[in-house]
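Q: Generate coordinates for the sequence data below:
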Amino acid sequence: MSSLSRLYLSLPVAVMVTLLMTACSQKPRLYQGSVFTFGTIVDYSIATTDPAVAQRAINAIQQDLDYMHVAFHAWHPGPLGRINQLLATTGLFTANPSILPLLRESRQLSIESQGLFNPAIGHLIKAWGFQSDDGVEDHAPPTPAQIKAWLAKNPQMTDIVIKNIQIRSTNPAVRLDLGAVAKGYAVEQIIDHLQALGIKDAILNAGGDIKAIGQHPDGRPWYVGITHPRQKDAVLAGLDVMPGESVFTSGDYERFFTYQGKRYDHIIDPRTGYPASQTESVTVITSSATRADAAATALFIAGPSQWPSIAKAMQIKYVLLIDAHGHGEATPAMLKRLKQINPDLKIQSRSLP
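A: Numbers count the residues shown, from 1 in each chain. Purely as a prediction, here's the structure:
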């Protein structure tokens, strides 16, 4: 759900490698490229002294993303599609083992968020028209009666029972859509894979969601800019990404449609059945990319009144929230991290309870 300014210029092909540093054979060289998957561009920058290791890492990125895009897709045939069909029966079945770790983690994160992060609402997301490969066209939203009927079914991640590699749902209305967490999980898994291949310095940018290890070859921390939710090609602020950190943003500018003059964004509040409307964007920093992805969504839905308590419950220390009026709030720890803050943005410090 999200967006940060590109760290480097994306290359216009699925996978292309550019050697940027040639001064010294022992100095790490920077390899950059892009992969289109999960409906977005995933940019990577890898620093290493060994071209063969770099190529293996690049191949791994492509292969991992290709596999996870199929495995976690909510409306295409695949492992998750099969799980959704069988969850509706409420019977016990064996699930694809590759998906179970993400389901377990998503269930726990949903509990921590008090249900604001809720991947069980796939039927509602589909009803709003946000399950499409062709973008979101303007259309009529669900009727109040349809929303009311869905709310009465109240699907939750806690309706899913996981026993070893078998799962079932106690609620036939559960339909999983992992769009608010799959990118984070994918980024986390790929970084782990890169490290296993011997990569110590790298950064992934999945449509603006960041995970970094090590540092830039010139010795500086990796640096990113947080996209302004209302000013095209502008940034709210910049920040250095420390080794092992994930920086994720959820924003209402990513996917939306307009109907009869009203704008509806893709981040649905499971408490009301309607898109969350009190927030423009939320940026969080934490170590786990999976947690960061889920937390950015949960805090966006929590909005100005509730985000500090949800951030505390989800163990998120660094938060920047822009409300529906363009006003900023940030934890004291986040304020200390921000650089080159947009002069039009006023940010109020707000501590967690």
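Q: Now do the helices in the stretch 1-150 of the chain.
A: For the stretch 1-150 of the chain, the helices defined by DSSP state H, counting those that start in this stretch occupy 51-71, 79-87, 100-112, 122-127, 144-153.
Q: Let's have those in JSON lines, adding mean neighbour count and mean pLDDT.
A: Where you see a C-beta, it was placed from the backbone N, CA and C, and this is true even at glycine. As requested, the helices of the stretch 1-150 of the chain are arranged in JSON lines below (neighbours: other CB atoms under 10 Å; pLDDT from 0 to 100):
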{"stretch": "helix 51-71", "mean neighbour count": "17", "mean pLDDT": "94"}
{"stretch": "helix 79-87", "mean neighbour count": "19", "mean pLDDT": "95"}
{"stretch": "helix 100-112", "mean neighbour count": "19", "mean pLDDT": "97"}
{"stretch": "helix 122-127", "mean neighbour count": "20", "mean pLDDT": "95"}
{"stretch": "helix 144-153", "mean neighbour count": "12", "mean pLDDT": "97"}
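Q: Quick check: end-to-end length of stretch 73-89?
A: End-to-end distance for stretch 73-89: 20 Å, by CA to CA, to the nearest Å.
Q: And stretch 266-276, by the same measure?
A: 8 Å.
Q: May I see the buried residues of it?
A: Using 16 or more other CB atoms under 10 Å as the test for burial, stretch 266-276 gives 266-270, 273-276.
Q: what's the closest of the helices of the stretch 1-150 of the chain to residue 255?
A: helix 122-127 (10.5 Å; CB to CB).
Q: From the contact counts, what lies against the closest one?
A: In this structure, helix 122-127 makes packing contacts with helix 144-153, judged by 3 or more CB pairs under 8 Å, 6 or more residues apart in numbering; DSSP states H and E.
Q: The helix it packs on: what's the following helix or strand?
A: The helix or strand immediately downstream of helix 144-153 is strand 160-163, counting by DSSP states H and E.
Q: pLDDT of that next one, averaged?
A: Averaging pLDDT along strand 160-163 gives 96.
Q: Check stretch 227-247 too.
A: For stretch 227-247, the mean pLDDT works out to 95.
Q: follow-up on the earlier one: for the helices of the stretch 1-150 of the chain, give me TSV that also has distance to residue 340.
A: TSV is the format used below for the helices of the stretch 1-150 of the chain (distance: least, CB to CB, whole Å):
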stretch	distance to residue 340
helix 51-71	30
helix 79-87	40
helix 100-112	32
helix 122-127	36
helix 144-153	42
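Q: For residue 332, find the nearest of these.
A: For those, the distance to residue 332 is smallest for helix 100-112, at 21.9 Å, taking CB to CB.
Q: residue contacts, the nearest residue to residue 303 once chain neighbours are set aside?
A: Distance criterion CB to CB, 6 or more residues apart in numbering; nearest residue to residue 303, sequence neighbours excluded, is residue 278 at 3.6 Å. By CB atoms under 8 Å, 6 or more residues apart in numbering, the residues touching residue 278 are 303-305, 323-324.
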